[in-house]
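Undergrad: Predicted model follows, preceded by the sequence.
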Amino acid sequence: MLIPHSARLGAADTHASRMQRTIFCIFAASLISVSAAAQAATPTAAPAAQMPVIVNMAADAVVNFVLHKIEKPLGKGATREMALAALDKEVDQYQGTGVSHLFWNVNYQRVGYDSAVWPSYWDVPDAENKVHSWPRTYYELHKLGIDDVFARLIPRCRERGLSPWVSLRMNDHHYGNDPTAVSPLFFEHPELRHHKGKGLFNYARPEVREHYLKLAAEVLQRYDVDGLELDWIRTPSNFDDGEIESGRAILTGFVREVRRLTQAAALRLGHPVRLAVRVPATPEFALGKGFDAVAWAKEGLLDMVIPSDWWSGYNDTPVEAWRAQIGPGARSVQIVPATASTYACAAKGYMMCRNLAGMRGFAAAMFDRGADGLYLFNHFEPVDAYNRLRTPEGKSTNECTVAELLRAAGDVAGAASRPRIHALAIHDCLPLKSDYRPALPAAVAPQQPLTLKIQTGPRPESGSYVVRVGLEKTNDLASVRLAVRLNGQACRALDDLPVPAKPDPRPEQPRMNVCEVAPRVMRFEAPLPAVARGTNTVELSVAEGGTQTVSWLDVAIDPEAVRESAARKP
């Protein structure tokens, strides 16, 4: 299972003794996540409070690192040795960052290695002139004699004490109009696609299931990994609209077949090879999309469930609901919530970019609810890169390195004891007939208060708990006064966040400061005795002015903050 990083790396073992164990004993003995080869590397152990952190390395990110970190440009002086050294650096960079697992994504609709069952990114007529963008890097490495970057990356993980997995995108939607980036099967056999040949692959067709089973079998035969992830979030559209109910049984059968493959790999390799699925964030959303992950877990088909939204991060993932529905066997299945690199409070509102306080808030809430680790999607920049934010004056600043952001994801003590932010983030990977509706945007009017519930994790014992409310533009926006109550207790109005001097005019671009998410962002400090662990109720009412539209709500917790002065009178 996923276990705290220090314990995972501290266990001593040898390859010989491991091979002598039976598979039954291996699974009974905690499913330790790294092999003897990785353990023998004896890297520095992380603090005991460091929980497992998984980074999914997308197929494009894998080679983009090489492209930017290789000693000389590919095709312009780079050698095979330089490329191999860059691949080694890609793994080595994660030492000391708190990252415990690397999930190597080998495919979109093609694969990044020389496959016998799927087309590779260089398996294209006239590849020299036709292959472009990031697949071009795979082709350039191929020309240097490197036909399988993962054959280099995965053993390197073991040498560096990192748990290597393979991640398969189960129906990726990218580049659907580019024959050089998508499987020929996609274009040559439209009958295998749903929505009359206009959609993605239809898993109701046995040929499609066989297509993906062949890939799963090949990677499990090819690589010595600790596990396989079926990433159903890329992309969760596998049937015609009327086939979802019958499709659940089809996908259960498919997962059953993959489980047999992982069990066979475990017997061959002499260590556990586990199975994870990334599915929509709640059991109900997953079921509505055709993924009966609860039943899969109950049947013993899974070792890990990764609840996830499509794009929005830092969301309200109900870890406890997953455990309750899975039942008595829940502790044998790891629940590892996922976050992406942006978050939003309204479906058509501004997104906010990831940040250190937001990561701490997500970690604090998820671990408080019983998560076994965190899974990071679209967090694949080099760890020495900077996470960028912007001051209210419009100046771009370096908030922290990516390494610091990754470390914060698994730092249980730091998540609760340092400044953190909890947003009323939305779910965005929904079934067709879902009755879920985001709480925002919503109106608050005179004599018509607005009540919202927000999950803020462990209760702070000291410092400040500040509710921040974003309002959309109205005629009396500048003069309106709101009153806020937390769990029935009145909150104290503070000064608004500053109005940004140079907000990015592009609505599709994530905001780099919370003051940019709405025309006005008001702040209210709650009395600490009113704060509850977990879910808190925020009631907004108009004290003076007209109807307003609330498009953002978050809570900023600073356990070390000094009490601020009340808001200045207008």
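TA: Yep, it's here.
Undergrad: Spatially, what comes nearest to Pro337 if we skip its sequence neighbours?
TA: Thr317 (4.0 Å; CB to CB, 6 or more residues apart in numbering). No exception for glycine: its C-beta is placed from N, CA and C like everyone else's.
Undergrad: Thr252 contacts Ala295, doesn't it?
TA: Yes - counting by CB atoms under 8 Å, Ala295 is a contact partner of Thr252 at 6.4 Å.
Undergrad: Break the chain into its domains for me.
TA: The record's domain parsing of the chain by automatic domain parsing lists 53-423, 442-558.
Undergrad: now the end-to-end length of the first one.
TA: It refers to domain 53-423. Criterion CA to CA, to the nearest Å; first-to-last residue distance in domain 53-423 is 21 Å.
Undergrad: Kindly report the same for stretch 366-376.
TA: For stretch 366-376, the first-to-last residue distance is 13 Å (CA to CA).
Undergrad: List of residues touching it?
TA: Applying CB atoms under 8 Å, 6 or more residues apart in numbering, the external contacts of stretch 366-376 come out as 1-2, 51-56, 100-101, 278, 304, 306, 308, 317-320, 323, 334-339, 362-363, 406, 409-410, 412, 415-416, 457-458, 533-534.
Undergrad: Give me the buried subset of those.
TA: 1-2, 51-56, 100-101, 278, 304, 306, 308, 317-319, 323, 334-339, 362-363, 406, 409-410, 412, 415-416, 457-458 (16 or more other CB atoms under 10 Å).
Undergrad: and those, which of them are in helices?
TA: 319, 323, 362-363, 406, 409-410, 412, 415-416 (DSSP state H).
Undergrad: Does Trp310 touch Cys429 like I think?
TA: Yes - using CB under 8 Å, Trp310 is in contact with Cys429, at 4.1 Å.
Undergrad: Overlap of the contact sets of these two?
TA: 233, 236.
Undergrad: which one of the two has more residues nearby?
TA: Under the criterion of other CB atoms under 10 Å, the comparison of Trp310 against Cys429 puts Cys429 first, with 24 against 16.
Undergrad: Quick check: which element contains the more buried one?
TA: Cys429 belongs to no helix or strand when elements are defined using DSSP states H and E.
Undergrad: so what pLDDT did it get?
TA: Note on Cys429: pLDDT of 95.
Undergrad: show me the residues around it that make contact.
TA: 233, 236, 280-281, 285, 289, 308-310.
Undergrad: Over to Gly358?
TA: 313-314, 343, 352, 420-421, 423.
Undergrad: swap in Glu544?
TA: Counting by CB under 8 Å, 6+ apart, Glu544 makes contact with 479-481.
Undergrad: Likewise for Gly145?
TA: Going by CB under 8 Å, 6+ apart, Gly145 touches Arg80.
Undergrad: tell me the pLDDT at Lys569?
TA: We have a pLDDT of 61 for Lys569.
Undergrad: what's the helix or strand containing Glu218 packed up against?
TA: Secondary structure assignment for Glu218, by DSSP H and E: helix 206-222. Helix 206-222 is packed against strand 163-169, strand 227-231, helix 244-269, with contacts defined by 3 or more CB pairs under 8 Å, 6 or more residues apart in numbering; DSSP states H and E.
Undergrad: quick one on the thing from earlier: tell me the most buried of the domains of the chain?
TA: domain 53-423 (a mean of 20; mean count of other CB atoms under 10 Å).
Undergrad: Now do that one, average pLDDT.
TA: 97.
Undergrad: Quick one: residues contacting Ala408.
TA: Going by CB under 8 Å, 6+ apart, Ala408 touches 356, 359-360, 363, 414-415.
Undergrad: Try it again at 10 Å.
TA: Residues counted as contacts of Ala408 (CB atoms under 10 Å, 6 or more residues apart in numbering) are 53, 98, 355-360, 362-363, 374, 400, 414-415, 418, 420.
Undergrad: Same list (the helices and strands packed on helix 206-222) but as JSON lines, adding distance to Asp554.
TA: Shown next, in JSON lines, are the helices and strands packed on helix 206-222 (distance: least, CB to CB, whole Å):
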{"stretch": "strand 163-169", "distance to Asp554": "31"}
{"stretch": "strand 227-231", "distance to Asp554": "29"}
{"stretch": "helix 244-269", "distance to Asp554": "34"}
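Undergrad: Out of these, flag the one nearest Ala518.
TA: strand 227-231 (33.4 Å; CB to CB).
Undergrad: now the closest residue in space to Leu494 that isn't next to it in sequence: how far from Val467?
TA: Nearest residue to Leu494, sequence neighbours excluded (CB to CB, 6+ apart): Arg523, at 4.2 Å. Arg523 sits 7 Å away from Val467, going by CB to CB, to the nearest Å.
Undergrad: between these two, what contacts are shared?
TA: By CB under 10 Å, 6+ apart, Arg523 and Val467 have these common neighbours: 484, 491, 494, 556.
Undergrad: Can you check the pLDDT for the first one?
TA: Among the per-residue scores, Val484 shows a pLDDT of 98.
Undergrad: so it touches Thr537, yeah?
TA: No - taking contacts as CB atoms under 10 Å, Val484 lies outside contact range of Thr537: 11.0 Å.
Undergrad: Which stretches in the stretch 51-200 of the chain count as strands?
TA: 53-57, 101-105, 163-169 (DSSP state E, counting those that start in this stretch).
Undergrad: Looking at those strands, which is nearest to Leu84?
TA: For Leu84, the closest of the strands of the stretch 51-200 of the chain is strand 101-105, at 16.0 Å, according to CB to CB.
Undergrad: Please identify the pairing partners of the closest one and their relative orientation?
TA: Within its sheet, strand 101-105 is paired with strand 53-57 (parallel), strand 163-169 (parallel), according to DSSP bridges.
Undergrad: Indicate which one of those strands is closest to Gly327.
TA: Closest approach to Gly327 among these (CB to CB): strand 53-57, 24.5 Å.
Undergrad: List the beta-bridge partners for the closest residue to Trp118 other than its chain neighbours.
TA: With sequence-adjacent residues excluded and distances taken as CB to CB, 6+ apart, Trp118 is closest to Val111, at 4.7 Å. Beta-bridge pairing of Val111 under DSSP bridges involves Asn107, Ser120.
Undergrad: show me the contacts for Val111.
TA: Applying CB under 10 Å, 6+ apart, we find Val111 in contact with 59, 105, 117-121, 123, 138, 148, 150, 168, 183, 215, 218-219.
Undergrad: can you tell me how far Ala58 sits from Ser167?
TA: Ala58 sits 8 Å away from Ser167, taking CB to CB as the criterion.
Undergrad: wait, I meant Ile306
TA: Distance from Ile306 to Ser167, by CB to CB: 10 Å.
Undergrad: Common neighbours of those two, please.
TA: Common neighbours of Ile306 and Ser167, using CB under 10 Å, 6+ apart, are 54, 56, 103, 229-231, 276, 278, 377.
Undergrad: As TSV, those with distance to Pro179 would be great.
TA: Below are those laid out as TSV (distance: CB to CB, whole Å):
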residue	distance to Pro179
Ile54	33
Asn56	26
Phe103	28
Glu229	27
Leu230	26
Asp231	23
Ala276	31
Arg278	27
Phe377	27
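Undergrad: Alright, calling it a day.
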